[in-house]
Every structure is written in C-alpha cells, then in structure tokens.
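Trainee: What shape does this take:
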Amino acid sequence: MTTAPAPALPTSVTVYEVGPRDGLQNEAGQVPTEVKAEFVERLLAAGLPVVEATSFVHPTWVPQLADAAELLALLEERIGDRARDLPVLVPNDRGLDRALELGCRHVAVFGSATETFAQRNLNRSYDEQFAMFEPTVRRARDAGMQVRAYLSMCFGDPWEGAVPVEQVVAAGRRLLDLGANALSLGDTIGVGTAGQVGELVAAFGEAGIEAERLAMHFHDTYGQALANTYAALQAGITTFDASAGGLGGCPYARSATGNLATENLLWMLRGLGISTGTGMGTGAGIDLDAVVATSAWMARQLGRPSPSAVVRALAGSGS
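Mentor: Predicted structure coming up:
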C-alpha cells in the first residue's frame with residue numbers, strides 16, 4: 001500500500017473495538033463463551049488499544065450476552081488483571097452492581113437522542129433515561145471507574161426520521177453533565193452523510209464540547225461509514241468505534257446493520273499515514289493482518305463469510 005498523508009488530519013487515532021459486545025449481541029444463536037474469550041484475546045494480541053468485552057444487560061433482552069460474568073472470569077484466568085480494564089456496558093444500577101462485583105474499571109451507558117428509541121430500547125422516556133443513568137454514572141465515578149456514554153440515533157431514527165442537530169447536542173450534553181468521561185455519537189441506522197458529520201461536530205464545538213471528548217460510531221448500512229469517518233477526521237475526531245469483521249447491529253432497530261469494519265478503518269488510516277497508537281496486548285500498534293486473521297476465524301465460527309471488504313480481499317471469503 002502507498003501511504004499518502006492528507007493535510008490537516010490527526011496524526012494518530014484510537015480505535016475502540018466493539019466487536020465482542022456490539023458485534024455479537026445481534027447474533028441469532030449463542031456464541032460459546034470459550035469462542036468469545038478467544039475473540040477478545042486475539043483482538044488484544046493484534047494490538048487493539050480498547051476492546052469492549054460484553055454487556056451486563058438482562059438476558060431476557062440480549063440473551064447472546066447472558067454469559068457476561070462467565071466470560072470476564074474466563075478472561076481474568078487467561079490475561080490476568082488486564083481483564084478488568086476491558087469496557088463493559090451497564091444499562092442501569094443493577095448492571096453496575098455486577099460490574100463492581102467483578103472489579104471492572106471501565107463501564108459504558110447507552111442513551112438515545114430520540115423519544116421513540118428511548119422507549120423501545122430502554123423502556124424509558126427520553127427524560128427518564130437521564131434520571132436512570134444519573135445514579136449509575138455517579139456511583140461508577142465515585143468508584144474510580146471510567147464512564148463512557150453512547151448516544152444512539154444521532155443522524156436519523158427509523159420511527160422519527162431526521163434528528164435535529166440541536167436535539168443531539170442537548171442529549172449529549174446531558175450525558176456528559178452526568179459525569180461521563182467521553183461521548184460516542186452513533187449513526188445507529190447508518191443514514192448519516194459526510195456533511196452531517198461535520199455539522200454535528202461543529203455544533204458540539206459551539207456548545208463548548210471539544211472534539212477530544214467525542215467518538216464516532218458509524219454503521220455501514222448505506223456504504224457511508226468510511227466517508228463519514230474521513231469527514232470526522234477532518235473535523236478533529238480522534239476516536240472511532242469499529243467492529244472486527246463488520247459484525248453487529250442493534251436488536252431494537254432492524255434497519256441497524258453492521259458496524260464499520262475494523263479492517264476497513266485500519267486500511268484507510270494506514271493509507272493516510274495515521275498512527276493507531278499502542279495496543280494493550282502486544283505493546284505495538286494495531287496489526288492489520290492479525291485483525292484480518294481474527295475476523296476470518298470468527299467468520300468461520302459463525303458459519304458465514306465476513307462482510308468486511310478488506311477481510312474478503314486479504315483473507316479470501318473469510319469463511
């Protein structure tokens with residue numbers, strides 16, 4: 001690959017790997033805990049700096065992640081104390097209790113920029129979701145945890161349509177004001193376009209929220225994830241969520257198809273000469289070939305080809 005840096009882009013970014021949690025939560029069948037643990041280990045060994053492991057959501061709602069405690073215990077056996085640094089999603093105080101019991105040091109909450117999705121995803125109104133998150137975030141911060149806030153439906157909602165920029169900024173500010181360290185802005189159904197990305201980041205800046213506190217979480221429903229990533233880089237965003245092999249979606253929004261594939265993101269960043277930093281697993285930057293191999297391996301576990309274009313190009317069908 002020829003590297004050709006573009007002007008005025010960040011020199012390094014953080015890739016926030018969500019495959020083991022967001023990538024597997026929408027699978028039709030239960031992925032064995034042993035396979036999940038190996039997936040996490042492989043991603044760490046490939047140099048991913050952050051790997052979100054699982055969610056402490058009630059198994060009735062996301063049965064694919066019902067083994068969260070067992071997974072973290074298995075990972076602690078294998079990788080020791082580093083397992084406690086893997087982020088986990090906690091939907092409420094009960095989820096946080098489980099994370100605290102297991103010694104987790106990094107949690108995330110998941111909010112909505114729209115009323116309808118808050119009702120469908122959280123069984124709370126738009127305003128009630130913040131009241132639910134307040135004690136969870138406060139207790140987590142009091143316990144010394146890092147707290148990330150996800151905000152979904154930032155570019156469009158399948159029930160409400162286009163979401164006003166000012167509505168997204170207001171919701172994001174409320175999550176940050178609760179005490180979240182960082183805010184990930186989700187294009188949950190993949191309808192966002194590059195112009196919208198720049199507009200939204202600029203609006204957060206005008207509200208006094210710097211790009212350094214923001215991350216972007218793109219879905220590739222309409223093939224716009226990389227274009228939107230480039231627009232976010234131009235706007236100063238330096239943290240991007242991605243899922244190995246392009247796995248994932250949202251169980252509460254049928255139009256939310258796969259996440260931005262980690263390999264596709266890494267290929268673009270490599271071409272731009274943008275560093276991906278230092279990983280937890282190897283002490284080196286992210287190894288694209290190792291991520292491709294991991295995604296091809298996971299595709300075999302799931303019994304279908306990887307949707308990632310880079311995986312298909314570098315590892316055949318990935319199946």
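Trainee: All the helices of the stretch 201-319 of the chain, residue numbers only.
Mentor: Using DSSP state H, counting those that start in this stretch, the helices assigned to the stretch 201-319 of the chain run over residues 225-234, 262-272, 288-302, 309-315.
Trainee: helices or strands next to the longest one in the packing?
Mentor: For helix 288-302, the packing partners by 3 or more Cβ pairs under 8 Å, 6 or more residues apart in numbering; DSSP states H and E come out as helix 33-45, helix 262-272, helix 309-315. Where C-beta positions appear, they are placed from N, C-alpha and C, glycine not excepted.
Trainee: Tyr150 is nearest to which of these?
Mentor: With Cβ to Cβ as the measure, helix 262-272 is the member of the helices and strands packed on helix 288-302 nearest Tyr150 (17.5 Å).
Trainee: Check the offset of the closest one from the chain's centre.
Mentor: Distance of helix 262-272 from the chain centroid (Cα atoms, centre = their mean, to the nearest Å) equals 17 Å.
Trainee: got it, and stretch 216-233?
Mentor: Distance of stretch 216-233 from the chain centroid (Cα atoms, centre = their mean) equals 13 Å.
Trainee: contact partners of it?
Mentor: 9-10, 13, 18, 150, 184-195, 197-198, 201, 237, 239-241, 246, 248-249, 255-261, 264-265, 268, 272, 274 (Cβ atoms under 8 Å, 6 or more residues apart in numbering).
Trainee: which other residues reach the helix or strand that contains Arg173?
Mentor: Following DSSP states H and E, one finds Arg173 within helix 165-177. Contacts to helix 165-177, defined as Cβ under 8 Å, 6+ apart, come from residues 109, 111-114, 126, 130, 133, 149, 151, 154, 183, 185, 199-200, 203-204, 207, 209, 213.
Trainee: mean confidence score for that helix?
Mentor: Average pLDDT, helix 165-177: 98.
Trainee: buried set for it?
Mentor: Using 16 or more other Cβ atoms under 10 Å as the test for burial, helix 165-177 gives 165, 167-169, 171-172, 174-176.
Trainee: Would you list the buried entries among the contacts of helix 165-177?
Mentor: Buried by 16+ other Cβ under 10 Å: 109, 111-114, 126, 130, 133, 149, 151, 154, 183, 185, 200, 203-204, 209, out of the contacts of helix 165-177.
Trainee: And the pLDDT for the nearest residue to Val197 once chain neighbours are set aside?
Mentor: Leaving aside its chain neighbours, Val197 sits nearest to Ala231 (4.1 Å; criterion: Cβ to Cβ, 6 or more residues apart in numbering). We have a pLDDT of 98 for Ala231.
Trainee: now Ala315
Mentor: Listed pLDDT for Ala315 reads 89.
Trainee: gap between Gly192 and Thr221?
Mentor: Computed as Cβ to Cβ, to the nearest Å, the Gly192 to Thr221 distance reads 10 Å.
Trainee: the more surrounded of the two?
Mentor: A count of neighbours by other Cβ atoms under 10 Å puts Gly192 above the other of Gly192 and Thr221, at 28 against 19.
Trainee: surely that one meets Ala162?
Mentor: No. Using Cβ atoms under 8 Å as the test, Gly192 is too far from Ala162 to be in contact (10.4 Å).
Trainee: Let me see the contact set for the residue nearest to Thr276 when sequence neighbours are not counted.
Mentor: Leaving aside its chain neighbours, Thr276 sits nearest to Ile286 (4.3 Å; criterion: Cβ to Cβ, 6+ apart). Neighbouring residues of Ile286 by Cβ under 8 Å, 6+ apart: 15, 46-49, 266, 276-277, 279.
Trainee: Also Pro135?
Mentor: The contact partners of Pro135, by Cβ under 8 Å, 6+ apart, come to Asp93.
Trainee: Same check on the one 10 residues further on?
Mentor: Contacts here follow Cβ under 8 Å, 6+ apart; on that basis Met145 touches 99, 104-107.
Trainee: residues of stretch 139-158 that come out buried?
Mentor: 139-141, 145-158.
Trainee: Inside strands: which ones of these?
Mentor: In this view, the buried residues of stretch 139-158 that belong to strands under DSSP state E are 146-152.
Trainee: can you tell me which two in these are farthest apart?
Mentor: Farthest-apart pair in those is Gln146 and Ser152; separation 20.0 Å (Cβ to Cβ).
Trainee: for the helix holding Arg173, the distance to its chain's centre please.
Mentor: Using Cα atoms, centre = their mean, the offset of helix 165-177 from its chain centre is 18 Å.
Trainee: Flag the shaky bits of the stretch 201-319 of the chain, pLDDT-wise.
Mentor: Under the criterion pLDDT under 70, the flagged ranges of the stretch 201-319 of the chain are 249-257, 278-284, 316-319.
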